[in-house]
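> Got a sequence here, can you model it:
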Amino acid sequence: MRIGIDARLNAYRQGGIAQYTHQLLTHMVGQLGDDALVVLEHRRQSEPLVRGPQVRHARLLTPPHNRWEPVALPLELLPQRLDLLHCPDFVAPRMRPCPAVVTIHDLAFVRFPEILDADAKRYYSQVRTSAHAAQAVIAVSEATRNDIVELLDLPAERIDVVYEAAAPHFRPLQVAAHEERSINGVAVRANTFLLFVSTIEPRKNLSTLLRALHLCRERNPQAGYRLVIAGVRGWLDGPIFDLLRDLGLGEAVDLLGWPAPDDLVWLYAACRMYLNPSLYEGFGLPVLEALACGAPTVVADTSSLPEVAGEAALRVPPQDVAAWAEVISRVWEDAALRQDLRTRGPAQAARFSWQRAARETLAIYRRVGG
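So this is what the prediction gives:
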């Protein structure tokens, strides 16, 4: 069987769906058996994503999310003689020369339609039709499968759950008690900061975290609470920065931008605690990364986050500022609790594996493609 995987997005992005695609490809190479893998890359991709004796590369001209994609992509697929096409970016072309599998990572754009601009609305408006027309649909969590059933009216039995995993380089790291590192020009000292990792946007609920931080500092100004934000600015982030200013937290918050991979591992390992107050996640990969690195972790008790974190993290209602302030102060002061959470994290993360995700995804291909 000739399996095509649409990896065009990887020429434009590094995280999220691009990371999912890269990890699947990497871990499939050794499990192909008699099948061939055709990696559909955009022509601007500088280096092949994976190599192997059964791997072929097709350089395509059609950019991802392009308005002409529904017509141009099928034409480019014809010469590839595919037996199956996997589209990890939510949408498979309606006109296609073979059966298709699509991965739906979340339905945030349905829950929060205000996050989409006009171009994104045009692209994601295809998701419902694409899911119903696909020969298989992969969800990355049970929470996402439930959303697909509820919001897209797709029967649950047509949806396979295949969990993501943390990349192998996320693992516990020995960090000295007062070790300091400069990250994007900002000096960060181990064990002295709260950590938030995400694009800054309303769905990530940073505003609740800022209010909780303000409350903690008011109650105990001597504790030295600091928050490190590892992530770039996103959409509708103006009110979040207004709140940061209005609460007078400028000196207590470090904005790092997006850190290098090694720096991100260090941040997870060195933080006093990792916090994810998101209102909604399809999977919540940073939670698994934090757990894999042994970060004491606190997550919102919503969507997929309890499913991913299991019993290895503390859970808080996402918009309860007082509850977030209480758990932050408790974990900040309780070294034994932090150590207990550090021990639980890697064991929980080890329950998720890209090797298994690749094996389960290949099984879906073989079921669909014959």
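> From here on, just use CA atoms for contacts and neighbour counts.
Noted.
> where's Ala363 relative to Cys271, distance?
Here Ala363 is placed at a distance of 39 Å from Cys271 (Cα to Cα, to the nearest Å).
> the more surrounded of these two?
Cys271 (25 against 12; other Cα atoms under 10 Å).
> got a list of what the residue nearest to that one when sequence neighbours are not counted touches?
Nearest non-adjacent residue to Cys271, counting by Cα to Cα, 6 or more residues apart in numbering: Asn191, 5.1 Å away. Going by Cα atoms under 8 Å, 6 or more residues apart in numbering, Asn191 touches Ala177, His178, Ala270, Cys271, Arg272.
> try 6 Å this time
Asn191 sits next to Ala270, Cys271, Arg272 when contact means Cα atoms under 6 Å, 6 or more residues apart in numbering.
> now, among these, which is nearest to Glu157?
If you rank the contacts of Asn191 by distance to Glu157 using Cα to Cα, Cys271 comes first, at 41.2 Å.
> give me phi/psi at Leu275?
phi -120, psi 130 (degrees, to the nearest 10).
> same check, this time on Asp263
phi -70, psi -40.
> Can you get me a residue count around it?
Neighbours of Asp263 (other Cα under 10 Å): 16.
> got it, and Gly52?
When neighbours are counted by other Cα under 10 Å, Gly52 comes out with 11.
> Quickly find the element holding it.
Counting by DSSP states H and E, there is no helix or strand that carries Gly52.
> what's the nearest residue to it if we skip its chain neighbours?
Val29 (6.6 Å).
> ditto for Pro99
Here the residue nearest Pro99, using Cα to Cα, 6+ apart, is Leu84, at 5.1 Å.
> pretty sure that neighbour contacts Arg96?
No - using Cα atoms under 6 Å, Leu84 is not in contact with Arg96; the gap is 9.8 Å.
> More neighbours: which of these two?
Leu84 (24 against 18).
> quick one, phi/psi of that one?
Main-chain dihedrals, Leu84, degrees, to the nearest 10: phi -160, psi 140.
> Contacts only, for it.
Contacts of Leu84 (Cα under 6 Å, 6+ apart): Ile3, Cys98, Pro99, Ala100, Gly369.
> 10 Å instead?
1-5, 37-38, 96-101, 135, 365-366, 368-370 (Cα atoms under 10 Å, 6 or more residues apart in numbering).
> repeat for Arg338
Arg338 makes contact with Arg272, Met273, Gly294, Ala295, Pro296, Thr297, Arg330, Val331, Trp332, Arg344, according to Cα under 10 Å, 6+ apart.
> go with 6 Å
Pro296.
> Pretty sure it sits in a strand.
No - looking at Arg338 with DSSP: H, G, I helix; E, B strand; the rest coil, it is helix, so not inside a strand.
> hey, where'd the helices end up in the stretch 1-150 of the chain?
Shown for the stretch 1-150 of the chain, the helices assigned by DSSP state H, counting those that start in this stretch span residues 17-28, 69-77, 108-111, 118-124, 127-133, 142-152.
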